[in-house]
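Visitor: What shape does this take:
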Amino acid sequence: MSTNRTLQEHMSRGLSRRMVLRGIGATIALPWLEAASGAPVVRAAAAPAGGYSADGFPLRMAFVFTPNGVNYDNWVPKGSETDFALSPALAPLEPVRQHVNILTGLTLDKARANGDGPGDHARASATFLTGRQARKTSGNDINIGISADQFAAQQVGHRTRLPSIEIGCENGRRAGSCDSGYACAYSSNISWHDEDTPVPKVVNPAAVFDRLFGAGNAVDSAKRFRRRTSILDYVLEDARRLESGLGRGDRDRLDEYQTAVREIERRVQRAQELNDQPAAPSDAKAPEGIPQVVSEHIDLMYDMLLLAFQTDTTRIATYMTGTAGSNRAFPELGITDGHHHLSHHKGNQEWEEKIRLIDRFHAERFARFVARMAETREGEGSLLDHCMIMHGSGISDGNRHNHENLPILMAGKAGGEIQTGRLIQHEVETPMCSLYMSMLRRMGCDVAEFGDATNPLKSLA
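Guide: Numbers count the residues shown, from 1 in each chain. From the prediction side, this is the model:
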């Protein structure tokens, strides 16, 4: 078989010009390779309106939610748009500051009580991507609105194998009341298919891996992880055939990618072993396999999000690092108190210091992810260059429970449409949904208004 024919067969299998490897029970999408880039993923001239960079690479967007707000005075930087010093909480961003914007002044008005009384945490997550007031109920008559990610998935999600992915690090309760009369669905989800249908997140790394790589059913996957075999073993023959026709640069990229996949598999396997669960019977689900160290779990999910974007398996994602009102402890930081409990510090200096450590911890995890995205080559730039990654909380200061001046970070250049490395200070009460309108339009969505916003932000360009 000729080299050209081999490459053409690989490219013809996907939804775009991405290559895939196939084997029995497994299909693995591959990252961008020069061999497939006679036109990049889709030539810009032939691409649908919006959603692509000028050189034809697809744009991706992700929304990362952190619970309980921050210690805002310790979080917000001081200075002007291009001349500012990172705050103590954001100091871990220093190595990647050129890739990140820090946004102030954005507000979720519908996360406020507006006559509904207590329940700021539930409203913060329910409103985070919807911009709508949640109906206060603990029953089945929940009502909120479609979220920004699902709005995009319904319009442009057909371009990839998975319209969107929803991941997280805490399950949360699915029934009953979780916050002052608000249904647990509000606290446990930020992704909403419509006004009363949440899109549940997946917190089991093995389940996320299987969804991304088509690794068979849960029982097959559990057996594979226990045997310490790799999904790459199932596509080895196809990989060797493809590799024989690649240039040196593509062979290196393919090797780096396969190494990353195997490394993630080992981390999933290690997490399952540490849970010390018995072998699953033939009719059982795969073991949970949740990493016991918080940072390991958060990083592992970030790394799978990177692979999802790198392989163009999806272009839309949400990631809840914790449920709204999360009371998770952080033993690796020396913090055995619950996060939510500490956020109500009332000026207690010891508690405030612990909150500062947690805020910095989340910045460290995000900085690591941004750095890895920036190091991942795609065309003449990086994967991050073709992304919009929003990171933030629906509460500003956890002690005050306020919803203006939210702590928002944005990474990625959206194919050159966003200038990064800036402190962008908006007027307080600027709708958060104006940011979403800007992102949705760049993704190629038709949106005249969203949530409580009727105009997009003009500050990103």
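Visitor: Please count neighbours and contacts with C-alpha atoms only from this point.
Guide: Fine.
Visitor: Would you map the strands across the stretch 251-400 of the chain?
Guide: 316-320, 377-378, 381-382, 387-392 (DSSP state E, counting those that start in this stretch).
Visitor: Could you pull up the contacting residues of residue 125?
Guide: 186, 187, 188, 189, 190, 324, 393, 394 (CA atoms under 8 Å, 6 or more residues apart in numbering).
Visitor: Quick check: it vs residue 110, distance?
Guide: 11 Å (CA to CA, to the nearest Å).
Visitor: if we can go back for a sec, could you dump the contacts of residue 125 into a markdown table and include distance to residue 94, neighbour count and pLDDT?
Guide: Shown next, in a markdown table, are the contacts of residue 125 (distance: CA to CA, whole Å; neighbours: other CA atoms under 10 Å; pLDDT from 0 to 100):
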| residue | distance to residue 94 | neighbour count | pLDDT |
| --- | --- | --- | --- |
| 186 | 34 | 33 | 97 |
| 187 | 32 | 28 | 97 |
| 188 | 32 | 29 | 97 |
| 189 | 31 | 30 | 98 |
| 190 | 29 | 31 | 99 |
| 324 | 28 | 33 | 97 |
| 393 | 21 | 24 | 99 |
| 394 | 24 | 34 | 98 |
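Visitor: between these, which is nearest residue 135?
Guide: Using CA to CA, residue 186 is the member of those that lies nearest residue 135, at 9.7 Å.
Visitor: For the closest one, grab phi and psi.
Guide: The phi/psi pair for residue 186 (degrees, to the nearest 10) reads phi -70, psi -40.
Visitor: Helix, strand, or coil at the nearest residue to it once chain neighbours are set aside?
Guide: In space, and not counting its chain neighbours, residue 186 is closest to residue 126: 4.9 Å by CA to CA, 6 or more residues apart in numbering. At residue 126, secondary structure determined by DSSP: H, G, I helix; E, B strand; the rest coil is helix.
Visitor: my guess is residue 126 contacts residue 134, does it?
Guide: Yes. Because the distance of 6.6 Å satisfies CA atoms under 8 Å, residue 126 is recorded as touching residue 134.
Visitor: shared neighbours of those two, anything?
Guide: With CA under 8 Å, 6+ apart as the test, residue 126 and residue 134 both reach 144, 186.
Visitor: which one of those two has more residues nearby?
Guide: Set residue 126 next to residue 134 and count neighbours by other CA atoms under 10 Å: residue 126 wins out with 33 against 26.
Visitor: Can you get me a residue count around residue 447?
Guide: 16.
Visitor: That one: which element?
Guide: Under the criterion DSSP states H and E, no helix or strand holds residue 447.
Visitor: OK, contacts around it?
Guide: Contacts of residue 447 by CA under 8 Å, 6+ apart are 437, 440, 441.
Visitor: Three-state assignment for the residue lying closest to the first one once chain neighbours are set aside, please.
Guide: For residue 437, ignoring the flanking residues on the chain, the nearest one in space by CA to CA, 6+ apart is residue 456 at 5.0 Å. Local secondary structure at residue 456 is given as coil here, using three-state DSSP.
Visitor: Kindly export the helix or strand residue 167 falls within (C-alpha atoms) in CSV.
Guide: Assigned by DSSP H and E, residue 167 falls within strand 165-168. Taking Å, rounded to 0.1, in the frame of the first residue of the first chain, the C-alpha atoms of strand 165-168 are listed here in CSV:
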residue,chain,number,x,y,z
ILE,A,165,-18.1,16.8,27.4
GLU,A,166,-19.0,17.5,31.1
ILE,A,167,-16.4,16.5,33.7
GLY,A,168,-15.9,17.2,37.4
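Visitor: strand partners of the next helix or strand after that strand, parallel vs antiparallel please.
Guide: Next along the chain after strand 165-168, taking DSSP H and E as the criterion, comes strand 177-179. Using DSSP bridges, strand 177-179 pairs in its sheet with strand 182-183 (antiparallel).
Visitor: Distance from the chain centre to the partner strand, please.
Guide: Chain-centre distance of strand 182-183: 25 Å, with CA atoms, centre = their mean, to the nearest Å.
Visitor: what's in contact with that strand?
Guide: In contact with strand 182-183 (CA under 8 Å, 6+ apart) are residues 119, 122, 135, 136, 137, 138, 139, 142, 175, 176, 177.
Visitor: out of those residues, which are buried?
Guide: 119, 122, 135, 136, 137, 138, 142, 177 (16 or more other CA atoms under 10 Å).
Visitor: Identify the residues contacting the last one.
Guide: With contact taken as CA under 8 Å, 6+ apart, residue 177 is in contact with 137, 138, 139, 183, 184.
Visitor: got a markdown table for those residues, with pLDDT too?
Guide: Formatted as a markdown table, these follow (pLDDT from 0 to 100):
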| residue | pLDDT |
| --- | --- |
| 137 | 96 |
| 138 | 92 |
| 139 | 88 |
| 183 | 96 |
| 184 | 96 |
